[in-house]
Structure formats: structure tokens, C-alpha cells
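[1] Need the 3D shape of this:
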Amino acid sequence: HGRHQINHIANDKKRTNPLLHTRVKTFAISDWGAIWILVWAIGIVGALYAIFGGLKAIAASDALNGIGLVIGGLMVPYFGLKYLGNGDFMAGLDQILTTNKSHLTAIGGPTDPVPFATIFTGMLLVNLNYWGAEQYVLQRALGSRNLAEGQKGFMFGALLKFIAPIITCIPGLIALAVLANVENTAEVYPRLVAEVMPTYLIGFIAAIVFGAALTTFNSGLNSTSTIAILDLYKPYVEKRGSQLDDKSLIKTSKKFQIIVAIISMTIAPFIALSSEGFYDYFQKVAGFFSVPIFTIIFIGFITKKVPALGAKVALIFYLLCYGYTQLVYDFGLHFLHIMAILFVATSVIMLVIGKYLPTDKIMEMPETVSVNLSPWPRRKIYYAMAVISMIGGIILFSPLGIAR
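    Model (predicted):
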């Protein structure tokens with residue numbers, strides 16, 4: 001009877017969400033209340049992984065969640081296309097390829113939330129920072145048994161990125177045809193799952209989405225405590241003449257993670273109130289720290305003369321300028337373009353300070369013999385193949401390809 005009722009409601013012109021309707025009727029929970037419950041559930045489970053399991057437990061859970069994410073993520077477009085084609089997968093695919101073709105191009109216009117031109121400005125910097133300098137990405141690479149395995153891991157992650165459009169973009173195209181009256185973009189995916197997936201798989205997809213959120217949260221929590229304890233707390237205590245052993249640092253780290261987890265879970269639900277899409281909001285907020293930190297790391301790679309003063313001045317300059325453009329005055333430029341402009345200006349400031357006030361302390365990276373640092377011999381071949389495939393994908397999803 002329940003299945004018959006769901007099918008009946010799904011055929012209604014308003015395309016209402018039967019699963020949401022049933023849940024609200026059963027538990028009398030509003031959307032706002034459901035968000036708080038989900039945030040705290042994910043937060044508590046993620047915190048337990050990070051605090052009591054450490055990086056090893058996080059890596060193991062992320063591997064399992066990753067496998068589930070790929071399998072479950074591919075199920076949604078498969079069943080979505082079958083739903084769209086009234087049980088015929090190919091008919092649904094044909095509808096996607098022939099309807100709303102403007103959505104099939106990766107080269108959008110200047111009014112898009114992330115214009116194509118930003119790939120060569122701020123988006124490039126954001127991704128260089130994320131994949132090359134972000135703590136919870138690097139921490140996994142640094143946990144590899146040797147350099148070659150770490151490089152293979154990054155390459156494997158890059159290959160998985162190629163199926164990301166199938167997992168994320170195709171469901172969006174299906175939602176255009178299936179759903180109506182969606183006010184908040186964050187509602188699209190769960191509503192689509194409830195609409196197109198068989199009832200017995202909805203719980204599985206929910207678990208996958210839960211796990212996907214979990215991987216980001218617990219990794220970020222672990223990495224945040226690593227930075228705070230080793231780069232801030234430990235130097236501060238040692239500067240005052242005290243010495244800390246590893247056991248004491250770990251104990252303090254766990255307390256710090258609990259505090260950060262509580263603050264994060266309290267703030268997170270309010271992101272749903274953002275008038276912009278979540279992705280756009282996230283990138284804007286991340287711009288306050290991603291690009292300036294990457295700038296400092298980048299300058300540290302190309303010269304050893306810039307003193308700590310240069311990094312501090314550059315950081316303050318960037319934060320003030322970026323904050324002014326995003327919170328006070330709108331210059332009419334996309335925030336990712338502003339990031340690129342400030343990256344160049346901040347780099348120049350640091351180089352000028354390094355020229356006229358060079359540091360006396362030349363930092364040398366310590367060498368270790370406990371890890372094999374021989375690089376992966378075939379890395380350049382696979383890197384080239386990945387870049388060529390990426391360019392081919394952009395051409396395929398453009399007016400020169402299927403969006404013609």
C-alpha cells in the first residue's frame with residue numbers, strides 16, 4: 001500500500017516529495033529541526049572517529065565510504081534516467097541529451113555562479129591550495145609508506161574525479177525534468193533520491209551521503225587539531241620553558257577537537273539560511289584563508305629570503321582587502337577573480353619585503369631516511385594522460401561536443 005501511495009503521489013503535477021511528506025507526518029519534525037539532528041549526528045560520529053581513532057581510523061573509514069560513494073553515486077543517475085524514460089534507461093539518456101542542451105556545456109557564461117574564466121584565475125589557485133597545501137589532503141599523502149605510494153594515491157584520486165560529473169551533474173540535469181518548485185538548491189539531491197530510487201535503496205543512499213559528509217568533517221577535525229597543537233600550542237608552551245611529551249600533546253589535542261566539534265556543529269545549520277548556493281557560499285568563505293595561505297607557501301617555495309614579517313603583512317593585507325570586497329563594497333568582479341588579483345598583489349608585497357628586509361635565518365627542510373623518497377617512475381605518463389583526458393572532457397561538454 002505504501003509503495004502504491006508513493007507512485008500515486010509521484011505522478012502528481014506538483015511532484016511533491018513523498019518521503020519527506022511521510023517523515024514529517026510520522027515524526028512531526030520540520031526541515032529546520034531535521035537539519036539540526038543530521039548535523040549533530042554527523043558531527044558526533046565524526047568526532048568519535050577523529051578523537052578516539054586518529055588518522056588510521058579516519059583513513060580506514062574514508063576508504064569504505066569512498067567505495068560506497070562511488071557505487072551509490074552511480075546508482076542515482078542510473079535509476080534517475082530509468083525514471084525519466086519511464087523504465088527505459090536509454091530513453092531517459094536521450095531526453096537528457098536533447099533537452100535543455102545549454103546545461104550540457106562546461107563552458108558557461110559570465111553570469112554563472114562559477115564562470116568558466118575563473119578556472120584560469122581564482123579557481124586555479126583554490127584547487128592548487130586544496131590538492132597541494134590543504135592539511136587534511138596532505139596528511140593522507142604524508143601517511144603513505146613511501147613517496148611513490150603517495151603519488152599513486154593522488155593519481156587515483158584524480159581519476160575518481162572524472163566520474164564526479166556523472167555523480168553530481170547528471171542528477172542535476174535529471175532534477176530539472178523531475179522536480180519542480182525547489183527553492184533551496186541543497187534540497188535537490190535528497191528530493192531526487194526520494195523520487196527516483198527504489199524504496200529499498202533509499203536508506204543505502206542516505207548512509208552514503210552521511211558517510212560523504214563524515215569523511216570531510218572528521219578529516220578536517222583531525223587536521224585542525226594537528227595544526228593548532230603542533231604549530232601554535234607546542235611552540236607557545238616550549239617558548240615559556242616547558243617541555244611536552246607526545247602523550248600530553250595527544251591528550252590536549254583531543255580536548256581541542258571536542259571544543260572545535262561543538263562550535264562547528266552549532267554553526268553549521270545556519271549555512272542552510274544562505275541566500276546563495278552552498279558551493280558558492282563555501283568558496284567565498286574559504287577564500288578568506290585558502291588563497292593567502294597558499295600564497296605564503298608558494299613564496300616559500302621560490303625564495304628563502306622573505307622573513308616572517310613579510311608573511312604577516314601579506315596575510316593582513318589580503319584579509320582586509322578581500323573582506324572589504326566581499327562584505328563592504330562590490331567592485332563588480334567575481335570573487336574568484338578578486339582572489340587572483342590579491343594573490344599577485346600579496347606575492348609582490350612579500351617579495352618586496354624579502355628584498356629590502358631579508359631574513360637571516362635560512363630554513364632548510366630536514367631529511368629523513370625512514371621513508372623511501374624514490375618517485376613513481378611512470379608518474380609523468382599518467383599525469384599527461386589525466387590532463388589530456390580533462391581537456392577532452394571539457395571539449396566533449398561544450399558547444400563543440402554534445403552541447404552543440
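[2] From here on, just use CA atoms for contacts and neighbour counts.
    Fine.
[3] where does the stretch 251-400 of the chain dip in pLDDT?
    Applying pLDDT under 70 to the stretch 251-400 of the chain picks out residues 274-280, 368-369.
[4] show me where it has helices.
    278-286, 290-302, 308-327, 335-356, 379-396 (DSSP state H, counting those that start in this stretch).
[5] Rebuild the ones you listed as JSON lines, extending it with mean neighbour count and distance to M197.
    Below are the helices of the stretch 251-400 of the chain laid out as JSON lines (neighbours: other C-alpha atoms under 10 Å; distance: least, C-alpha to C-alpha, whole Å):
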{"stretch": "helix 278-286", "mean neighbour count": "14", "distance to M197": "24"}
{"stretch": "helix 290-302", "mean neighbour count": "18", "distance to M197": "37"}
{"stretch": "helix 308-327", "mean neighbour count": "16", "distance to M197": "40"}
{"stretch": "helix 335-356", "mean neighbour count": "19", "distance to M197": "36"}
{"stretch": "helix 379-396", "mean neighbour count": "13", "distance to M197": "28"}
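[6] Export those helices to TSV and append columns for distance to P165.
    Shown next, in TSV, are these (distance: least, C-alpha to C-alpha, whole Å):
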stretch	distance to P165
helix 278-286	15
helix 290-302	24
helix 308-327	29
helix 335-356	21
helix 379-396	10
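[7] now for the ones you listed, which one comes closest to N218?
    helix 278-286 (17.7 Å; C-alpha to C-alpha).
[8] my guess is I394 contacts A106, does it?
    Yes. Contact criterion C-alpha atoms under 8 Å: I394 and A106 qualify, at 6.1 Å.
[9] any residues touching stretch 312-323, and which ones?
    F288, P292, I293, I338, M339, L342, T346, S347, I349, M350 (C-alpha atoms under 8 Å, 6 or more residues apart in numbering).
[10] try it again with 6 Å
    T346 (C-alpha atoms under 6 Å, 6 or more residues apart in numbering).
[11] Could I get the CA-only coordinates of that stretch as CSV?
    Extracted in CSV, the C-alpha atoms of stretch 312-323 (Å, rounded to 0.1, in the frame of the first residue of the first chain):
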residue,chain,number,x,y,z
LYS,A,312,52.3,38.6,8.4
VAL,A,313,51.9,41.8,6.5
ALA,A,314,50.8,40.0,3.4
LEU,A,315,48.2,38.0,5.4
ILE,A,316,46.7,41.1,7.0
PHE,A,317,46.7,42.9,3.6
TYR,A,318,44.8,40.1,1.9
LEU,A,319,42.3,39.6,4.7
LEU,A,320,41.4,43.3,4.8
CYS,A,321,41.2,43.7,1.0
TYR,A,322,39.2,40.5,0.4
GLY,A,323,36.9,41.2,3.4
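[12] what's the spacing between that stretch and its chain's center?
    Stretch 312-323 has its C-alpha centroid displaced from the chain centroid by 24 Å (C-alpha atoms, centre = their mean, to the nearest Å).
[13] Likewise for stretch 333-352?
    The answer for stretch 333-352 is 23 Å, by C-alpha atoms, centre = their mean.
[14] mind saving the C-alpha coords of it as CSV?
    Taking Å, rounded to 0.1, in the frame of the first residue of the first chain, the C-alpha atoms of stretch 333-352 are listed here in CSV:
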residue,chain,number,x,y,z
LEU,A,333,34.2,41.4,-10.2
HIS,A,334,33.6,37.8,-9.4
PHE,A,335,35.1,36.8,-6.0
LEU,A,336,37.4,34.3,-7.7
HIS,A,337,38.9,36.9,-10.0
ILE,A,338,39.4,39.1,-6.9
MET,A,339,41.3,36.2,-5.3
ALA,A,340,43.7,36.1,-8.2
ILE,A,341,44.3,39.8,-8.2
LEU,A,342,45.0,39.8,-4.5
PHE,A,343,47.3,36.7,-4.9
VAL,A,344,49.5,38.7,-7.3
ALA,A,345,49.5,41.8,-5.1
THR,A,346,50.2,39.8,-1.9
SER,A,347,53.1,38.0,-3.7
VAL,A,348,54.6,41.3,-4.7
ILE,A,349,54.4,42.6,-1.2
MET,A,350,56.2,39.6,0.2
LEU,A,351,58.9,39.7,-2.4
VAL,A,352,59.5,43.5,-1.9
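[15] list the helices and strands the helix ranked longest in the chain packs on?
    Determined from DSSP state H, the single longest helix within the chain is helix 54-84. Counting contacts by 3 or more C-alpha pairs under 6 Å, 6 or more residues apart in numbering; DSSP states H and E, helix 54-84 packs against helix 89-98, helix 164-178, helix 199-227.
[16] Of all the residues in that helix, which ones are buried?
    54-55, 58-59, 61-62, 65-66, 68-69, 72-84 (16 or more other C-alpha atoms under 10 Å).
[17] the inter-axis angle of it versus helix 89-98?
    Helix 54-84 and helix 89-98 are oriented at 90 degrees to each other (axes from the mean of the first three to the mean of the last three C-alpha atoms, to 10 degrees).
[18] I'd like the mean pLDDT over helix 54-84, please.
    Helix 54-84 comes out with an average pLDDT of 86.
[19] is it true that I29 lies in a strand?
    No. If the criterion is DSSP: H, G, I helix; E, B strand; the rest coil, then I29 is coil and not within a strand.
[20] re the thing from before, now the weakest link among the helices and strands packed on helix 54-84, please, by mean pLDDT.
    Mean pLDDT is lowest for helix 199-227 out of the helices and strands packed on helix 54-84, coming in at a mean of 84.
[21] number of nearby residues for E364?
    7 (other C-alpha atoms under 10 Å).
[22] Report the separation between it and T303.
    When distance is defined by C-alpha to C-alpha, to the nearest Å, E364 is 12 Å away from T303.
[23] related to what we said a few turns ago, now the helices and strands packed on helix 54-84 in CSV, please, with extra columns for distance to F154.
    Formatted as CSV, the helices and strands packed on helix 54-84 follow (distance: least, C-alpha to C-alpha, whole Å):
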stretch, distance to F154
helix 89-98, 32
helix 164-178, 15
helix 199-227, 16
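[24] Of all those, which one is nearest S398?
    The nearest among the helices and strands packed on helix 54-84, by C-alpha to C-alpha, is helix 89-98 at 12.4 Å.
[25] What helices and strands are in contact with the following helix or strand past that closest one?
    From helix 89-98 onward toward the C-terminus, using DSSP states H and E, the following helix or strand is helix 122-133. Counting contacts by 3+ C-alpha pairs under 6 Å, 6+ apart, helix 122-133 packs against helix 335-356.
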